[in-house]
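In: Build the 3D model from these lines:
(chains A and B)
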2 protein chains.
Amino acid sequence: MNYYKSTGMDLTYREILKWGDKREEGVDPHMMKLIREKFGLTDADFREKHLPGSQPVKLDKPSLLKPGQLIFLKSIAGSENILTDDFSRAKYSYGKFYAELLDLRLNLVPDPPDAVVSPRNHDDIVRIVEFCNEERIPIIPVGGQSSVTGALRAPNGGIALDMTKYLNKIVRLNTVNKTVTVQAGMSGPAFEEELNRHGYTCGHFPQSFEYSTVGGWIAARGAGQASTGYGKIEDMVVALKVVTPAGVIETKEFPRTAQGWDIFRVFIGSEGTLGIITEATLNMHIYRPQNTASASFIFRSFEQAVEAMRKMIQSEYGKPHLFRISDPDETDIAFRTSGFDNTFSDKLLKMLGFMPGKRCLMFVTVEGEKDYAKFVMGKIKHTAGKGKGMYIGRSPVRKWLEQRYTSAYMRDPLMDMGIMADTLETAVTWESLLRLCSAAQAYVRKRPRAFMMIYISHVYENGANLYFTFLTPMEKGNEMKDFTAFHRGLVDTILENGGSISHHHGVGRVLAPWMEGHLGKTSMAALGAVKRHFDPNNIMNPGGTLGLQ
Amino acid sequence: MNYYKSTGMDLTYREILKWGDKREEGVDPHMMKLIREKFGLTDADFREKHLPGSQPVKLDKPSLLKPGQLIFLKSIAGSENILTDDFSRAKYSYGKFYAELLDLRLNLVPDPPDAVVSPRNHDDIVRIVEFCNEERIPIIPVGGQSSVTGALRAPNGGIALDMTKYLNKIVRLNTVNKTVTVQAGMSGPAFEEELNRHGYTCGHFPQSFEYSTVGGWIAARGAGQASTGYGKIEDMVVALKVVTPAGVIETKEFPRTAQGWDIFRVFIGSEGTLGIITEATLNMHIYRPQNTASASFIFRSFEQAVEAMRKMIQSEYGKPHLFRISDPDETDIAFRTSGFDNTFSDKLLKMLGFMPGKRCLMFVTVEGEKDYAKFVMGKIKHTAGKGKGMYIGRSPVRKWLEQRYTSAYMRDPLMDMGIMADTLETAVTWESLLRLCSAAQAYVRKRPRAFMMIYISHVYENGANLYFTFLTPMEKGNEMKDFTAFHRGLVDTILENGGSISHHHGVGRVLAPWMEGHLGKTSMAALGAVKRHFDPNNIMNPGGTLGLQ
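Out: Numbering: from 1, shown residues only, chains lettered A, B, ... in the order given. Down below sits the predicted model:
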C-alpha cells in the first residue's frame, strides 16, 4: 500500500524535506539582498539548487516486521491503516531538524521505521502497545512532524504510530470548568478553529503551530508565542490519558492536588519515551481578539530593553501575552526586510540616538478582558518610557503577527542556496541572560561569514527564553560534519553560560548527549528509573531520545 | 540528654498536644454559647477537662538504636544534637491530626522514633542518609510539626530528623531574579520577616503558617491563604536541593525548561518518602501591604456566591489573591461570633433578602502594584454586583485577616470540652462543587448533634478547594473508634462526589488507604517505582506514608 500513490506526487526525498506550504517558495527580496551582502554571494552561487534531494526515495533497509506481526497489526488497526512502502517509512521518520533536512538532501534515510500504523482509537493503541511490548517492536508516536530534535527517527526500526489520521477530534468542551478534552492527534489549526467557533481559544501558538498536534505540544513540552500570558503547555494540561507498556494512566481533572506528586506530569516532556498520550484536558481561554492591546517599542540598546522587560514582568501589575525583544542583529534585519531602513522615520530615530547595530525592538500584546488589556498595556507603556524606550505604534507588532509562522518556511530555499540556517533556544535567568547572549554571539562571530539573530520570548519573573537563529554558507562537500561541529559548539556555549538544554523545543536525539552532563548523574538515573518502570522492554521511542538508554 | 529538661516545663502528654500558643487558652464566648445551644450542653459538661493527657510521658518502647549506631550518629551531628529521652521521642512523632491529639489525651504514643537528630548542615544530612541507608534506619524529616496527616509517626522507629534547629536561614536573596534560596528548616514567620526587611514577601501563608517550615510547605504540597493570586507552593518552587539514598539532587534555577520532565518536581508532595529537602529556591514578591485592596460581599445563596466566584476567576481581568466564600453554616457562625447577629445592619440585610441559613460571605483581597489591585478590585465588585452580591465593606475581611491563623488553636479547648473538631479539604472542579458540598453536608447531618462549616478558598479557573470543619460531641469512652468511622465516611463521601484526596494538607498515613483506589493501580505502581528508585531500602518515612509500601 502507498498512502501517497494516489496523489500522483513526486516521491522524492525533496518531497519529504519540504513543508508543502506555498510560503516556502521564495525568500523575501530584502532578505536575499542582505544574504548576498553578508556572505559575498553572487548570481553564480544561485544558479542551481544545492543538494536538492531530487532522487526518488529508495530504502536499502527492508521492513523487518515478520509477516505474522504485520497480519496481527492489520487485524488490530485495519489493513488500510498500515503502510510499508519506502516513501511512507521514510517520510514518517523525519522532523524538521536541519541535519535531517540535510540527510534528505543527501538522499539518505538512516533510520526508517518498518511500518506506519494509523490507529483508529484509544483501544487500538492499547492493543498495539500490548502487542508491540510482547514482540519487542519499537513504537514512535508521530504527530505534526515539526520536531527539530530528531525525535521521530527509528534507529531500532519498529512502527511509526501516526496519531493524526483518526485521533483528531475534540472529545468534550466543558464551558463550566473552562476546559477542553481533545485527542492527541488533533492539529493546532483544526483545534483552534473549532474552539474559536465556540468562543474559546487554546492560547497555545508555537512557531510550528500550522504543522503541530496537541499531543506533540505535550510530549515535547512546547511553548506558544503568547506563553508569557497563557503559560507553557505544562501550565495548561489538567489531565491526561496515556497508554504505556505498564498500563493505561487516566487522570481526573482537578484544579490542583496534594496527593503525592502528579505522576501524569512525567508524560509532559516525555517525547514518546514512556507511552502514547491519547487524550488531554487543557484549560482554555475566552476568544476575543478584538480586545487585544498591541504595542511596539524601540530601545537604544539591548541592555536597556532587557532591563525594561524585566521591570515589566516583575512589577506585579498583570502580564503581557506576547512579549518579545529582538536583539540588535534581528532588529536591523527587521528594519531592512520591512523596507523601513533609511526612510524619513528611520532618520528621525537615528537622530534620537536609536542607532543601527544597537537599537532593539520590543513587541507586546495583552489579551483578555478589554479593560484589563488596556490597563496592563498602559502600565507597560509607562514602564517602557521610564526605561528610555520609545513607543512606535501598533503596526510593527501587528505586521509581525501576520507573518508569525512563516520564518520557518524560509529555511528550505536558503538551503537550496547552500546556506546553513538553524535555530537553538534556551531558558536562562535574568542574572545570566546578557552574559549568555554575548558569549553566543562571540562564538558565532568566530566563524567567517556567519551571523546570528537572537530574540527573547516566553518571559517569566525570574528569567526568559532566548532564541537563536544562525545563518552561514555551508561548507560544500562537508555539509554535515561542518554543521555538527558548529552546532555542538553553540550548544556547549549556551550550557557553559547558564542556559538550559531547551525551553520548548525538547531534547530528542539531537540534544540527548548533553543530558547527563547538564542534569547530573543522580537526576539522569531517576529519569531512567521512570523510563524502566513504564517501558521495561524499551519499546517506546528507543535509541537515545532524552539521553535514555 | 533532654532538650526540654532545662526549660522546667511539665513533661506530660498534654505538653505535646498543645500548640504552646496563648491564643489556645480559651474559646470565644459567642462560640461557647453556640456550642451549648447546638449540642445541648450544660455547665456540668464543662466542669472538668475531658481526657486532659496530664500524665507524664513514659514510653514503653525503648530506643532500638544500637550503641554503635548512636555513637556514629553523634560523631556526625555532635552529641548535643541527638535526643533519646522519652519526651523528645514522643514529641517529634506528633503532628496535629485530631486522632494524634486523641492518642496523646489517652496517654498513648504508639509510634515514637528511636532518637531525634538535629543535623547542622546539608553535609551532615548527606552522611546521616548514607549511614541510615546502610544500617536500614528509618528517617522521618520533621519541620514545624503542624502536619494533619500522621506524616511524622515512626511506626518502624528510626530517627526523627529535626530540620529546624540549624537549617533555618536564607542562603541567598536574588533581587535580579526575584528569587530566594532558603534552607528547608526555616520557619514561616522567620522567613517572611526577613524577606519583609528586604522589601519582599513569600506570598505563602498556610493556616499553619506560624508553626510551619519551608521544607514542610514543599514536602506536603501546601497552599497559602493568598494562593489564588500567588499560587500553591509547587507554583513557587524553581529549584531544589534534596538528599536521597540514591544521591543528591541539586537543580539549577531556570524559569522553565523542556529537558524531559523535571524530576525535582516529584519531591514536591513527597512527604519525606523519597529524600530530605535541604534547600529550595522560590519566587518571591514585592512586599507592599499598603496596596492591598480588600472587599467583603454577601450573597443570598451559596449557589449565587459560587457562580459569581467562578465568573470572577474565569473573566481574565486579573485575579484576587485571597479569595474565599463561607457557606451558610460558616457565615451564620461568623455573624454570631462577631456580634453582628441581630444588629440593626443585620436586620437591614434580612429585609433585603440575605437570610440566615442561606446567605454567604465572600472575602477578596487583591495585592500587587497599587493601580492593579484597585483595577482588579473594581472588576470584582462589578461582577459581584451583576451576580446579585452586595458589597459590605472592607472591615469583615480585614477582621478575618487579623485572626487568620487562630481558628486552629481553638481545637484543644474544644477537645477539653469533649468535642470532636476536625477538618478535611479537597479540590474539585466547578462542575462537581455544589454536588460535593451537598453530599458532604448531608453526610454530617445524618449524625445527631453534628454540624459542619464549609468554605471555598484557593480558586482556579477550572475549580476550587473546599474546606470542611466539623464539630460534634465525642462518644465518650469510644472516642477513637467513633472518630475514625465518622472521618472515614466523610472522606468516602468526598471522593465519591468528585473530590481529590487532598488539595493542600497532603496524604500522610491518614489518607493513605484511599490512594490506590483513587489514583488507580497504574498510577500507584508508578509512584512506587519512583519511591524504590530513590529509596530502595525503604528508610525514608516508611510505614505507609502516601500509601507506599
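In: Contacts made by stretch A:388-404 with the rest, please.
Out: Residues external to stretch A:388-404 that are found in contact with it (CB atoms under 8 Å, 6 or more residues apart in numbering or on different chains): A:205, A:207, A:225, A:294-300, A:304-305, A:308, A:322, A:324, A:334, A:338, A:352, A:354, A:361-365, A:381, A:384-385. (C-beta placed from N, C-alpha, C; glycine too.)
In: are any of these buried, and which?
Out: Among the contacts of stretch A:388-404, those classed as buried by 16 or more other CB atoms under 10 Å in any protein chain shown are A:205, A:207, A:225, A:294-300, A:304-305, A:308, A:322, A:324, A:334, A:354, A:361-365, A:381, A:384.
In: Okay, and which of those map to helices?
Out: A:304-305, A:308, A:334, A:381, A:384 (DSSP state H).
In: Now do the contacts for A:Phe267.
Out: A:Phe267 touches A:218-219, A:240, A:242, A:249, A:274-275, A:277, B:261, counting by CB under 8 Å, 6+ apart.
In: Distance-wise, check it relative to A:Thr257.
Out: According to CB to CB, to the nearest Å, A:Phe267 stands 16 Å off from A:Thr257.
In: sorry, back to before: so of the contacts of A:Phe267, which ones are in strands?
Out: A:240, A:242, A:249, A:277 (DSSP state E).
In: can you pick the most crowded of these?
Out: A:Ile277 (33 neighbours; other CB atoms under 10 Å in any protein chain shown).
In: how long is stretch A:506-526 end to end?
Out: The first and last residues of stretch A:506-526 sit 18 Å apart, counting by CA to CA, to the nearest Å.
In: What are the buried residues along that stretch?
Out: For stretch A:506-526, burial by neighbour count (16+ other CB under 10 Å) applies to A:506-512, A:514-515, A:518-520, A:522-526.
In: export the ones in strands among the contacts of A:Phe267 to a markdown table and tack on distance to A:Phe72 and pLDDT?
Out: Formatted as a markdown table, these follow (distance: CB to CB, whole Å; pLDDT from 0 to 100):
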| residue | distance to A:Phe72 | pLDDT |
| --- | --- | --- |
| A:Leu240 | 28 | 98 |
| A:Val242 | 23 | 98 |
| A:Ile249 | 25 | 98 |
| A:Ile277 | 24 | 98 |
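In: tell me, which of these make contact with chain B?
Out: Among the ones in strands among the contacts of A:Phe267, the ones lying near chain B by CB under 8 Å from any CB of the partner chain are A:Ile249.
In: Check the ones in strands among the contacts of A:Phe267 and tell me the two furthest apart.
Out: Across the ones in strands among the contacts of A:Phe267, the longest distance by CB to CB is 9.6 Å; it joins A:Ile249 and A:Ile277.
In: Now for the two: what residues contact both?
Out: By CB under 8 Å, 6+ apart, A:Ile249 and A:Ile277 have these common neighbours: A:240-242, A:267.
In: How many neighbouring residues does A:Gln549 have?
Out: For A:Gln549, using other CB under 10 Å, the count is 10.
In: wait, it sits on A:Met524?
Out: No: using CB atoms under 8 Å, A:Gln549 is not in contact with A:Met524, being 9.9 Å away.
In: now A:Ala90: how far from B:Ile313?
Out: Per CB to CB, A:Ala90 is found 49 Å from B:Ile313.
In: what about the stretch 301-450 of chain A, any weak spots by pLDDT?
Out: Along the stretch 301-450 of chain A, no part satisfies pLDDT under 70.
In: residues from it in reach of chain B?
Out: A:310, A:314-318, A:367-369, A:371-372, A:375, A:379, A:427-431.
In: ok, A:Ser93 - how many residues close by?
Out: Quick note: A:Ser93 (other CB under 10 Å) scores 27 neighbours.
In: go on, A:Pro62?
Out: Counted with other CB under 10 Å, residues neighbouring A:Pro62 total 10.
In: got it, and A:Asn174?
Out: Counted with other CB under 10 Å, residues neighbouring A:Asn174 total 16.
In: Who are the contact partners of it?
Out: By CB under 8 Å, 6+ apart, the neighbours of A:Asn174 are A:180-181, B:431.
In: Kindly recompute the last result at 7 Å.
Out: Shown in contact with A:Asn174 (CB atoms under 7 Å, 6 or more residues apart in numbering or on different chains): A:180, B:431.
In: Then A:Thr164?
Out: A:143, A:185, A:187, A:213.
In: which ones among the buried residues of stretch A:506-526 are found in strands?
Out: Per DSSP E, those never map to strands.
In: Extract the residue ranges of chain A that are flagged as low pLDDT.
Out: Applying pLDDT under 70 to chain A flags residues A:1-9.
In: Residue ranges of each domain in it, please.
Out: A:5-25+A:57-162, A:170-286, A:289-404 (automatic domain parsing).
In: quick revisit: going by distance to chain B, which of the ones in helices among the buried ones among the contacts of stretch A:388-404 wins?
Out: For those, the minimum distance to chain B (CB to the nearest CB) is 13.1 Å, reached by A:Lys381.
In: Next one: that closest one relative to A:Ser296, how far apart?
Out: Distance, A:Lys381 to A:Ser296, using CB to CB: 11 Å.
In: and what of A:Pro206?
Out: When distance is defined by CB to CB, A:Pro206 is 22 Å away from A:Ser296.
In: What are the boundaries of the helices in the stretch 401-549 of chain A?
Out: Counting by DSSP state H, counting those that start in this stretch, the stretch 401-549 of chain A has these helices, from start to end: A:411-416, A:430-445, A:479-496, A:515-519, A:521-534.
In: could you redo those as a markdown table and give each row distance to A:Lys169?
Out: Below are the helices of the stretch 401-549 of chain A laid out as a markdown table (distance: least, CB to CB, whole Å):
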| stretch | distance to A:Lys169 |
| --- | --- |
| helix A:411-416 | 31 |
| helix A:430-445 | 41 |
| helix A:479-496 | 38 |
| helix A:515-519 | 35 |
| helix A:521-534 | 26 |
